[in-house]
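Asker: this one's structure only:
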């Protein structure tokens with residue numbers, strides 16, 4: 001099997017897959033196989049080398065016959081960037097799954113995008129993975145999207161290793177990157193390697209646990225040469241080894257005892273301690289190398305297998321419904337237990353909907369039935385596949401820890417599937433979906449495109465929870481919302497390529513929000529009595545902000561009516577009217593957030609009161625209270641990192657100042673000047689053109705959503721005026 005895997009002439013992916021799935025039954029039990037299984041994600045800031053790293057992992061694992069680069073200069077392109085748009089733009093747009101063997105381990109890998117606009121792909125991958133590789137650029141260090149990925153890994157308690165990439169780049173400094181990880185990400189991490197040379201002299205790495213040097217020779221770095229650490233590097237290697245042991249001694253009792261007694265600590269003891277603390281999420285080992293130069297990747301693969309958890313070493317919680325109540329349960333990665341799996345990603349292709357599933361418990365065979373806990377439907381599995389980028393390999397059976405895909409099953413992202421006998425009622429928690437921050441109008445250029453256009457919108461919404469579609473009531477125009485300019489541009493381009501639909505795209509607009517800043521009481525009487533059936537409703541209470549956290553949006557209706565002054569059916573009408581009102585705010589038409597409406601009392605009329613009358617009273621009381629509660633408009637604020645040549649730093653600083661940016665940090669790294677700032681998203685349109693202009697194409701920037709903050713009063717009036725003009729124009733067109 002090993003000889004076949006590395007034979008370019010005999011290698012066939014389908015044969016490789018079948019041989020692996022047969023070989024897993026050579027283990028004494030499935031539990032033994034699980035200990036050799038790793039489910040990992042590779043995540044980082046854009047252009048840190050994630051896909052380049054994954055390409056080498058696939059090559060050294062015998063999964064592909066040759067190495068291809070990201071931008072497809074050889075007209076092939078990296079394996080995991082299989083979309084035409086990805087190869088053209090040189091960025092990852094969708095997460096892609098694959099699998100490989102490394103030594104006696106089986107590794108499922110998901111390569112994720114690094115651009116903030118496609119952050120949902122990282123979110124759903126980390127939700128189902130057992131471990132992760134956080135890649136940090138050796139020259140640029142911690143960047144904005146690194147902060148986002150770090151938050152996502154912490155959200156799902158994913159153990160990780162760090163790989164400091166691009167050690168061949170000018171300005172590469174692994175110790176500076178480690179210091180930033182400790183300071184900015186608050187990670188307890190330490191190097192397990194030191195580089196042999198840096199920048200253009202980078203040759204290999206020294207393993208400070210084994211105290212051996214490793215060089216990577218051959219055309220693609222496939223030959224690993226082990227030697228003694230060079231004399232000039234011995235002192236640094238010993239110092240870093242001592243630092244590693246001290247870090248471990250702070251958290252691991254066994255290492256602490258040996259360290260305090262000044263005993264010799266052998267290689268196996270250190271590795272066992274690192275593994276214990278990685279699994280406990282208390283420590284992160286740091287590897288380093290250059291994926292592009294084919295150096296260091298194999299040792300990082302060893303670290304993934306040595307230190308990251310197997311599926312049976314992770315505790316996965318779920319909620320079981322028993323006799324109308326819900327209790328928390330721990331899923332067991334056992335073949336004998338009822339099947340439980342989570343649909344975490346959907347794709348549409350020529351065969352229909354492809355659903356990616358992670359198995360947490362039990363087994364599933366082709367032809368079995370599964371039960372969707374959301375739709376309450378029982379469905380048969382007719383086809384099961386393992387994915388290798390966009391290639392599908394047929395399989396017959398899966399067990400705990402497996403990641404696979406199925407066809408012909410209707411579901412949504414985040415649905416839980418259980419055993420088809422409908423006796424298991426278990427639900428897994430869904431992933432976190434961030435709020436869209438930008439929107440634009442979109443329409444097909446020709447009426448005959450309408451059917452395909454609607455089909456495209458439906459497909460993209462099923463695939464991506466952050467891509468949202470709404471219809472403006474007044475103009476009936478379609479508004480799409482997403483995570484940024486690039487996010488929405490990509491979908492417009494995909495409509496053209498995948499559906500043959502040319503579209504007109506309006507100017508992007510910011511997703512503002514409206515909220516109040518103080519409590520105020522309301523007392524509103526709606527009275528319309530002029531003979532015959534009339535309308536009468538009085539509502540009393542107060543409104544207040546739900547929370548001061550402007551990045552955590554929520555609205556709440558609270559019923560504090562005592563007695564029967566308002567009948568229950570009228571209170572239901574009040575609640576519904578309130579939630580209808582927060583959809584479009586009074587100031588700009590954007591949603592109202594962080595708003596609590598408390599109904600305390602009311603008055604009814606024996607004849608003229610009705611649910612409709614109370615709904616009308618609620619609408620007017622809402623507007624009255626909103627006006628009196630010091631309302632403000634919120635706008636999205638972005639964390640921005642700008643990298644320019646040193647001689648352009650003045651232009652960069654003044655450019656951010658003109659865009660109302662607040663500089664938080666700046667530093668010089670070699671010939672580059674790096675600025676970290678917070679800037680309103682509304683001010684960032686057109687910035688890419690500006691920075692390219694004053695740096696002759698050498699400057700770059702990246703940004704990620706931070707929170708929503710109140711717009712200054714003078715700008716608030718401007719935004720409200722634009723909204724009023726827009727409404728007036730739409731009214732004229734309708735007339």
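Answerer: That came in fine, so what should we check first? In this text, all values refer to a predicted model and were calculated from it rather than measured experimentally.
Asker: so where's this structure uncertain?
Answerer: Across the chain, the ranges flagged by pLDDT under 70 are 1-28, 70-93, 323, 473-476, 530-532, 548-552, 730-735.
Asker: The longest helix along it packs against which elements?
Answerer: Secondary structure of the chain per DSSP state H: the longest helix is helix 713-734. For helix 713-734, the helices and strands in contact under the criterion 3 or more CB pairs under 8 Å, 6 or more residues apart in numbering; DSSP states H and E are strand 631-645. Glycine gets a C-beta too; all of them are placed from N, C-alpha and C.
Asker: following the strand it packs on, which helix or strand comes up?
Answerer: Scanning forward in sequence from strand 631-645 by DSSP states H and E, the next helix or strand is helix 649-658.
Asker: What residues of that next one count as buried?
Answerer: Neighbour-count burial for helix 649-658 flags 649, 651, 652, 653, 655, 656 (criterion: 16 or more other CB atoms under 10 Å).
Asker: What residues sit buried inside the longest helix of the chain?
Answerer: Residues of helix 713-734 classed as buried under the neighbour-count rule (16+ other CB under 10 Å) are 716, 719, 723.
Asker: For the stretch 1-150 of the chain, which segments count as helices?
Answerer: In the stretch 1-150 of the chain, the helices defined using DSSP state H, counting those that start in this stretch lie at 2-5, 13-23, 30-35, 50-60, 84-89, 119-128, 144-155.
Asker: whoops, the stretch 301-450 of the chain was the one
Answerer: In order along the chain, the stretch 301-450 of the chain carries the following helices (DSSP H, counting those that start in this stretch): 450-463.
Asker: Show me the strands in it, by range?
Answerer: 316-322, 325-331, 340-349, 352-361, 364-365, 369-372, 377-380, 384-388, 391-395, 397-398, 403-407, 416-419, 426-427, 438-444 (DSSP state E, counting those that start in this stretch).
Asker: And the stretch 451-600 of the chain, by the same measure?
Answerer: Remark: strands of the stretch 451-600 of the chain, listed N- to C-terminal, are 468-471, 478-482, 503-505, 509-510, 513-516, 520-528, 535-545, 555-559, 595-603; assignment by DSSP E, counting those that start in this stretch.
Asker: Which other helices and strands does the longest one contact?
Answerer: Yep, that's strand 535-545 we're talking about. With contacts taken as 3+ CB pairs under 8 Å, 6+ apart, strand 535-545 sits against strand 513-516, strand 520-528, strand 595-603, helix 611-628.
Asker: between the last one and strand 520-528, what angle do the directions make?
Answerer: Comparing the axes of helix 611-628 and strand 520-528 via axes from the mean of the first three to the mean of the last three CA atoms, to 10 degrees yields an angle of 140 degrees.
Asker: ok, residues contacting helix 611-628?
Answerer: Defining contact as CB atoms under 8 Å, 6 or more residues apart in numbering, one finds that helix 611-628 is touched by 514, 516, 520-526, 528, 535-539, 541-543, 566, 569-570, 572-574, 576-578, 580-581, 585-586, 592, 597, 602.
Asker: can you redo the buried residues of helix 713-734 as TSV with distance to residue 426?
Answerer: Supplementary listing: these in TSV, determined by distance: CB to CB, whole Å:
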residue	distance to residue 426
716	48
719	47
723	47
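Asker: Out of the residues you listed, flag the one nearest to residue 45.
Answerer: Minimum distance to residue 45 across those is 32.0 Å, recorded for residue 719 (CB to CB).
Asker: My guess is that closest one contacts residue 510. True?
Answerer: No: taking CB atoms under 8 Å as the definition, residue 719 is not a contact partner of residue 510, at 9.2 Å.
Asker: Pull up the overlap in contacts between those two.
Answerer: Shared contacts of residue 719 and residue 510, defined by CB under 8 Å, 6+ apart, are absent.
Asker: which non-adjacent residue is nearest residue 542?
Answerer: The shortest distance from residue 542 to any residue that is not its chain neighbour, by CB to CB, 6 or more residues apart in numbering, is 4.6 Å, and that residue is residue 521.
Asker: what about that neighbour, neighbour count?
Answerer: The tally of other residues near residue 521 (other CB atoms under 10 Å) stands at 14.
Asker: Please apply the same query to residue 235.
Answerer: Residue 235 is surrounded by 10 other residues when neighbours are defined as other CB under 10 Å.
Asker: what about it, which SS state?
Answerer: Residue 235 falls in the helix class when you classify it by DSSP: H, G, I helix; E, B strand; the rest coil.
Asker: Could you report the distance from it to residue 194?
Answerer: From residue 235 across to residue 194, the span is 11 Å (CB to CB, to the nearest Å).
Asker: Would you agree residue 609 falls within a strand?
Answerer: No: if the criterion is three-state DSSP, then residue 609 is coil and not within a strand.
Asker: now it: how far from residue 618?
Answerer: For residue 609 relative to residue 618 (CB to CB), the value is 13 Å.
Asker: Compare these two (neighbour count), which wins?
Answerer: Neighbour count, other CB under 10 Å: between residue 609 and residue 618, residue 618 has more, with 28 against 22.
Asker: Now do the contacts for the residue nearest to that one when sequence neighbours are not counted.
Answerer: For residue 618, the nearest residue in space outside its immediate sequence neighbours is residue 577; the separation is 3.8 Å by CB to CB, 6+ apart. With contacts taken as CB under 8 Å, 6+ apart, residue 577 has the following neighbours: 614, 615, 616, 618, 619, 622.
Asker: any idea how far residue 577 lies from residue 588?
Answerer: Taking CB to CB as the criterion, residue 577 is separated from residue 588 by 20 Å.
Asker: Show the contacting residues for the nearest residue to residue 43 once chain neighbours are set aside.
Answerer: Spatially, and ignoring its direct neighbours in sequence, residue 43 is nearest to residue 149 (4.5 Å; CB to CB, 6+ apart). Applying CB under 8 Å, 6+ apart, we find residue 149 in contact with 43, 44, 45, 122, 134.
Asker: Looking at these, which is nearest residue 248?
Answerer: Top of the list for closeness to residue 248, among these and by CB to CB, is residue 134 at 19.4 Å.
Asker: Who does that closest one form a beta bridge with?
Answerer: On the basis of DSSP bridges, residue 134 takes part in beta bridges with residue 43, residue 162.
Asker: how many other residues sit next to it?
Answerer: 27.
Asker: Residue 377 too?
Answerer: Applying other CB under 10 Å, we find 12 other residues in the vicinity of residue 377.
Asker: Test my guess that it contacts residue 412.
Answerer: No: taking contact to mean CB under 8 Å, the distance of 11.9 Å between residue 377 and residue 412 leaves them out of contact.
Asker: show me what contacts the residue nearest to residue 534 when sequence neighbours are not counted?
Answerer: Distances taken as CB to CB, 6+ apart place residue 608 nearest to residue 534, at 3.9 Å, with adjacent residues excluded. Under the criterion of CB under 8 Å, 6+ apart, the contact partners of residue 608 comprise 529, 533, 534, 535, 536.
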